[in-house]
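Q: Just the structure for this:
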Amino acid sequence: MIQASFSPRQAEILAAARRDGAASISALAAALGVSLETVRRDIRALVDDGHLVKKHGTVHVPDHGREAPFDRRMRENAAEKRRIARHVARLIADGDSIMMDTGTTTSILARELAARRELTIVTNSSDVARTLATVNGNKVFMAGGELHGDNGAAFGRTAIDFAARFRVRHAIISIGAIDARMGPMDYLLEEAEFARTVLSCGDNRILATDHTKFDRSALVKVCDFADFDLLVADRPPPAAIADALGAAGGRFEVAAD
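A: Model (predicted):
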């Protein structure tokens, strides 16, 4: 747990490292709006106290405190995520075009879409691509770029530029947190940037997340409430989030069993 003695900036650095096991120092500096030297100073104190390990331009938490890797996160709240995925899958017909970012919910959605035919899928997730490629006449376009070691997804300018060339019927993202004031958020700058690009490429913009992300804050804002059309979750969102979504012209649907 993040201790109260940490500065707000150090707390955000730790949250980012715990989200996917590692965080780029340069990306942290950009997300926090400070210089590399400033963020290195914050990191140095965390490393000296044993809260972080620094290696090759990234920081990660020691093994004893490290957040579970992607495969384990796939099992967390798995029943809720499957309900969400089944609900979203019902909105997708044979022949539809879809863009998805990386995330445990979107990976589970890919498995729910295995029965659909002749889909066109654009993604930065190698897991989504593997699941849906070469079956049922699907076409899969995989964004290139540097692959993240934990979830096998491509990030960076190359991936963003590739995705931005497409226009799809359904743009679907998952998130790390959603706050009534800030909106959808994530822990890594590169994930937030790619998710924002996905939403800009779709006619039907869907945010899929389980209830544990409600009333949480993360390091980087992904988008405003006006930037997506539909929130699909396993429970109704808190009133403040529902009000913010409604004021922006969006709606939510609760995934049924």
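Q: I'd like to know how many residues surround Thr134.
A: Neighbourhood size, Thr134 [other CB atoms under 10 Å]: 10. Where you see a C-beta, it was placed from the backbone N, CA and C, and this is true even at glycine.
Q: So it lies in a strand, does it not?
A: No: counting by DSSP: H, G, I helix; E, B strand; the rest coil, Thr134 is located in no strand; its state is coil.
Q: all numbers from here: first residue = 33
A: With 33 as the first residue, the last one maps to Thr166.
Q: how far away is it from Leu251?
A: If you measure Thr166 against Leu251 using CB to CB, to the nearest Å, the figure is 36 Å.
Q: Now do the buried residues in stretch 229-247.
A: Within stretch 229-247, the residues that count as buried by 16 or more other CB atoms under 10 Å are 229-231, 233-234, 236-243, 245-246.
Q: So which of those is the closest to Val93?
A: Using CB to CB, Lys245 is the member of the buried residues of stretch 229-247 that lies nearest Val93, at 20.4 Å.
Q: Tell me the pLDDT of the closest one.
A: Model confidence at Lys245, given as pLDDT, is 93.
Q: just Arg248 next, same as before
A: Looking at Arg248, the pLDDT reads 89.
Q: wouldn't Leu68 be in contact with Ala61 here?
A: Yes: between Leu68 and Ala61 a contact is recorded at 4.9 Å, counting by CB atoms under 8 Å.
Q: For those two, indicate the residue with more neighbours.
A: Taking neighbours as other CB under 10 Å, Leu68 and Ala61 compare with Ala61 leading, 19 against 12.
Q: ok, now which ones touch Phe260?
A: The contact partners of Phe260, taken as CB atoms under 8 Å, 6 or more residues apart in numbering, are 205, 216, 231, 237-239, 282.
Q: Excluding chain neighbours, give the residue nearest to it in space.
A: Sequence neighbours aside, Arg237 is the residue nearest to Phe260 in space, at 4.2 Å (criterion: CB to CB, 6 or more residues apart in numbering).
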